[in-house]
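Undergrad: A predicted structure for the sequence below; I have some questions about it.
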Amino acid sequence: MPAYATNMRFKFPIIALTLEILTIILYAVFVVYDDGKSSHGHHDDNKTEPAHEEDPLALYPMFQDVHVMIFIGFGFLMTFLKRYGFSSVGINLLLAAFGLQWGLLLQNVWHMDDGKIKVGIIHMINADFSTATVLISFGAVLGKTSPVQLLIMTLLEITTFCINEHIVVGILGASDIGASMTIHAFGAYFGLAVARMLYRPALRNGHENDGSVYHSDLFAMIGTVFLWMFWPSFNSAIADKGMPQLMAVTNTYFSLAACALSAYATSSLVEHKGKLDMVHIQNATLAGGVAVGTCANMAIGPFGAMIIGMLAGIISTLGFKFLTPILASNLGIQDTCGVHNLHGMPGILGGLAGIVAAALGKLESTDATKQAAGLACSLGIALVGGAITGFILKLPIWSQPPDQNCFDDSLYWEVPEEEEENEESLAHGDHSKNKTEA
Amino acid sequence: MPAYATNMRFKFPIIALTLEILTIILYAVFVVYDDGKSSHGHHDDNKTEPAHEEDPLALYPMFQDVHVMIFIGFGFLMTFLKRYGFSSVGINLLLAAFGLQWGLLLQNVWHMDDGKIKVGIIHMINADFSTATVLISFGAVLGKTSPVQLLIMTLLEITTFCINEHIVVGILGASDIGASMTIHAFGAYFGLAVARMLYRPALRNGHENDGSVYHSDLFAMIGTVFLWMFWPSFNSAIADKGMPQLMAVTNTYFSLAACALSAYATSSLVEHKGKLDMVHIQNATLAGGVAVGTCANMAIGPFGAMIIGMLAGIISTLGFKFLTPILASNLGIQDTCGVHNLHGMPGILGGLAGIVAAALGKLESTDATKQAAGLACSLGIALVGGAITGFILKLPIWSQPPDQNCFDDSLYWEVPEEEEENEESLAHGDHSKNKTEA
Amino acid sequence: MPAYATNMRFKFPIIALTLEILTIILYAVFVVYDDGKSSHGHHDDNKTEPAHEEDPLALYPMFQDVHVMIFIGFGFLMTFLKRYGFSSVGINLLLAAFGLQWGLLLQNVWHMDDGKIKVGIIHMINADFSTATVLISFGAVLGKTSPVQLLIMTLLEITTFCINEHIVVGILGASDIGASMTIHAFGAYFGLAVARMLYRPALRNGHENDGSVYHSDLFAMIGTVFLWMFWPSFNSAIADKGMPQLMAVTNTYFSLAACALSAYATSSLVEHKGKLDMVHIQNATLAGGVAVGTCANMAIGPFGAMIIGMLAGIISTLGFKFLTPILASNLGIQDTCGVHNLHGMPGILGGLAGIVAAALGKLESTDATKQAAGLACSLGIALVGGAITGFILKLPIWSQPPDQNCFDDSLYWEVPEEEEENEESLAHGDHSKNKTEA
């Protein structure tokens, strides 16, 4: 591929500005503030606390926790790569900033009020949720896609997500409060389908930049720990107030605690000389939050949540160790961040746990059939939607990176020269001060 | 300047302790807890929710969001410099810790109750706000001032800020809920006036330490992202409860989202080969929060907020690219962090948007004339106050750094030896283990 | 010690999984959700706000602040060591994740309801508190212990803590709202007793890895600043609603602000050429939060809190400069993080301040005798419990690190090769790409 093809100038700004201006026009026509006088019911209705309910900012602390997960959590989790930190946290911000605008619009077209979408905190939480799917898929294709491709993926994936969510929750009637199925499994398999379409044979034997350095692993831990801490907010933010919300918080909290122990234990068990592996710690410790999502608001008991979390930590760590290499070498699925292990399998585990819990009658509003249908639908739409999206992203017009420049910020970012120096030329005493250019 | 002149021993401790002891004495005389029985009205009075109002900690989550912006946000945003991270986050903490004590005192001398200042969460939020002005100005003079100078600047700037805020809001009656004028434009032009007074001809052609390294840019992104996420809290924290506060949150949220897109697009448009520039991403993505500040609680509509944000992102990025070099070379204003682009111009844009919104009747309590007067007053007092402060800081008694030691922590901090090694002597195989001394 | 003895394989996974499975069994038998229908009173009862009280998530934002202190605060504070960041933030997560499960169980065995422990947010806050003791002790032995030892320590220390807390608060009737005595002094002296038992003569003259690099000090500042910001939540989370909670917030806020000034001043005063020392800034700025803990909810006045904070900052900084070296050389107490200066002495200062405040009648429910008994009990049980724990940890079966591998992640973690390169071999032009193995 010729060098000029990777040049984003004009292509990227025009697409980004066009999307933004289009969005603003749609907002001018359709979106107003939620004055609380909607003729429809609210997602967060609560009959037992009328006085409290009137504060339109009651959910705001929950929203900010979720916001931190999206922008700090996902963003820094992906900074583990040695030369791809700018893209990880920077493009994460870009995609989420666009995605939340787009998601808020599409999630609410099904229930407009007098032709208007009324925006309150609950809608901002749901909009953040919609971006999570894209950020999960971003993990699968991290380092191998251009910002232009990723903007297109955001547009297509959030659109697909909104359709699937409407089918699963609105039509099939499945319950998925923490979104194990509709966000985690969906985002993972969508991303894996895209990654399959964008398969790069030249990366089969790895890439010298596809790895971490000591401090990049520490940056990633900022993401991990914020995700780990605030996951109870993710799973409970839109739960019904009172006991369901308390259960969603405590179940997630216990699942994550048990998951941390099993992830550490399994990592040490499968690694050379019993050492711990940062990849496992950064990711598999979070699998408990994913897996408990669907039944977070069900009366599974603290110990039930802990069992789910413990299993998720084991499965996720084993996936990183044994399954990811097989997917890459045998199926042509190059999953940079191992989202299959953090979101894919634990998401399915969460869906299955939801089926079992529903069969045991842990939540009145659903049953095992609805739950199974919801899981199947999420997986099917994710794979088809991802494959189509991947096909579109494969068109050679999106400034995609050449193989040798994968996992390298300097293709799309001005990078300070010292990094170059440290990595490549310090030993040669090269102290040139001009900016590096790919 | 002789080396001993930069030695802070005695000078710094004596000034810091004197200020603290003086503050404690004033607190002993004037400050008590807010028992909620004030005969004056509260800033956060809310007639519609009497029951909720009684919890004195209702605003506490908002306060903590603002707190994170002040200490993590501003602190880490400035760690982008390769050798000035200790000062950025460390002196930020020092100045804000002193500033909040001083600001809380001065902001409330105008409305004491029986000769006492009654402290509640709302006062702590406002105190944090007062420190923001100093931290903005700190960005303009970053790397070229001593901790002693900066403590003096904190004292003088917060005093000036409290006077200006009282005039603009209390006397002129302008509305400035998110403080585009009274904090952002004020802090920026105050700092630029100081920077002008402290002009260093020797730095005209740059300084080898006035730049980033790869990981320092990532540290800065911690600051950027926390500022970006919590800005809705900044603009809504002291808004009237109910719809005004909800509008302040959502307007800021949408303005920032649109701003992110336009900042990325503009950065790519003006940079070499369409690449993104970290300086723009770290700063210009936040301009939407600044610019929507004044009219955050006005009914400008989500799309109105998005238009303001989109414009702010463009203006800010263009400022970094084209205006900052001109200010430095033609006007002698060396603005280290480019606060003119993040806080100055977007602050004025916010003030102008407030004038327009007031003229359109978007908020009952104000009108275009009041708003224009508030903007003019803030700019005027900032420039005069900054110039006087800069004159005082120019006196050769504050241990200011020599030109060659600018942007270098090791002048005021014990710095571990490895950094020296990496930056200067690794290529020479120099592995000396003693502490570096300037 | 032979190399194989440090191999954790099997030992670590078996102990971690056994503890987790045991915990899950106990939870299955004893732990249920708090349905708010307890026949016992709640810690957070509040007669004045019945409506608000019914939301079981009212304390959730406070909980998340404390959660951030435990996992980000403590975790990153300890990343200052150049080659021990993985362990600092990673093992911190492991210990806290296990500790909170264990602590929640033991803290509530004294007040079960029909044989069940009912879990709500308040219990999750207290569980986080129980882990804080372990993380403080972890600081004393950081770099010189294996993950296996630390899991054992967590089990034993939290058990001891729960007994002491029950005696001090439940039986002796002392007040310790911010836990200066029961967490900070307890955790510090427990850890120092363990450190004494694990004394390593070979480290008497320091260790080449027992120090920081430039960026590791910046990572540590993430921990410092989050601890500094959220400490008011730590000290007020379980205070009675209304004025006591507001006082706990404001007292802590003012104490920390004053402490920051005095810590900076003292650091500059005692350091070479008046420079600031990162060790002091990272730690001593927090001593005000520790020292104001016991009397945080007492009417000591903002200026009283500031005096306590100012003294704590001075004592803590002087401790780092003058006392820590003496403890190491004369008493054989090698205190890696200087927890004696941050938690030990300020904790005792807090206990003493509580005695004085109680004697002055600042809190009705306690008196000076009860407070003095609480302090003495906490110190005594900590020292005895720590000594016994240290004796057990000295048994040569826990994969402890050999002296030369102390303060080095690569013994227990897979570490990326570049770090090796930067630190040791870059000057030699060694660019080997295989993983390092200890």
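TA: Received it, and whenever you're ready, just let me know what you need. Note that the coordinates shown come from a computational prediction; the quantities given were computed from them, not determined experimentally.
Undergrad: so residue A:159 touches residue A:106, yeah?
TA: Yes - contact between residue A:159 and residue A:106 holds when scored by CB atoms under 8 Å: they sit 6.1 Å apart. Where C-beta positions appear, they are placed from N, C-alpha and C, glycine not excepted.
Undergrad: show me what residue of the stretch 201-350 of chain A gets nearest to chain C.
TA: residue A:274 (2.8 Å; CB to the nearest CB).
Undergrad: before we move on, back to that, higher neighbour count, residue A:159 and residue A:106?
TA: residue A:106 (20 against 16; other CB atoms under 10 Å in any protein chain shown).
Undergrad: state the helix or strand in which the nearest residue to that one once chain neighbours are set aside lies.
TA: Once flanking residues are discounted, residue A:106 sits nearest to residue A:162: 4.0 Å by CB to CB, 6 or more residues apart in numbering or on different chains. Under the criterion of DSSP states H and E, residue A:162 resides in helix A:147-165.
Undergrad: what angle sits between the next helix or strand after that helix and helix A:147-165?
TA: Per DSSP H and E, the first helix or strand lying C-terminal to helix A:147-165 is helix A:186-197. Counting by axes from the mean of the first three to the mean of the last three CA atoms, to 10 degrees, helix A:186-197 points 130 degrees away from the direction of helix A:147-165.
Undergrad: that older thread, give me the buried stretch members for the helix holding residue A:162, please.
TA: A:147-162, A:164-165 (16 or more other CB atoms under 10 Å in any protein chain shown).
Undergrad: is the residue of chain A with the smallest separation from chain B in a helix, a strand, or coil?
TA: Here chain A gets closest to chain B at one residue, residue A:9, 2.8 Å apart by CB to the nearest CB. At residue A:9, secondary structure determined by DSSP: H, G, I helix; E, B strand; the rest coil is coil.
Undergrad: which residues touch it?
TA: By CB atoms under 8 Å, 6 or more residues apart in numbering or on different chains, the contact set of residue A:9 is B:268-269, B:271, B:273-274.
Undergrad: ok, now with 10 Å
TA: Listed by CB atoms under 10 Å, 6 or more residues apart in numbering or on different chains, the contact partners of residue A:9 are A:399, B:268-275.
Undergrad: contact partners for the residue nearest in space to the middle of chain A?
TA: Geometric centre of chain A, nearest residue: residue A:136, 3.0 Å, by CA atoms, centre = their mean. Counting by CB under 10 Å, 6+ apart, residue A:136 makes contact with A:74, A:157, A:183-192, A:290, A:337, A:339, A:342-344, A:347.
Undergrad: just checking, residue A:212 touches residue A:78?
TA: No - taking contacts as CB atoms under 10 Å, residue A:212 lies outside contact range of residue A:78: 11.1 Å.
Undergrad: what touches both of the two?
TA: Common contact partners of residue A:212 and residue A:78 (CB under 10 Å, 6+ apart): A:84, A:219-220, A:282.
Undergrad: out of the residues you listed, who's near chain B?
TA: Restricting the shared contacts of residue A:212 and residue A:78 to those near chain B by CB under 10 Å from any CB of the partner chain leaves residue A:219.
Undergrad: drop anything exposed from the shared contacts of residue A:212 and residue A:78.
TA: Listed as buried from the shared contacts of residue A:212 and residue A:78 are A:84, A:219-220, A:282; burial here means 16+ other CB under 10 Å.
Undergrad: for those residues, give me a markdown table that also has distance to chain C.
TA: Formatted as a markdown table, these follow (distance: CB to the nearest CB, whole Å):
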| residue | distance to chain C |
| --- | --- |
| A:84 | 14 |
| A:219 | 9 |
| A:220 | 10 |
| A:282 | 9 |
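Undergrad: quick one: the residues you listed as CSV, columns for secondary structure and pLDDT too.
TA: What follows is those, written out as CSV (DSSP: H, G, I helix; E, B strand; the rest coil; pLDDT from 0 to 100):
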residue, secondary structure, pLDDT
A:84, coil, 97
A:219, helix, 98
A:220, helix, 98
A:282, helix, 98
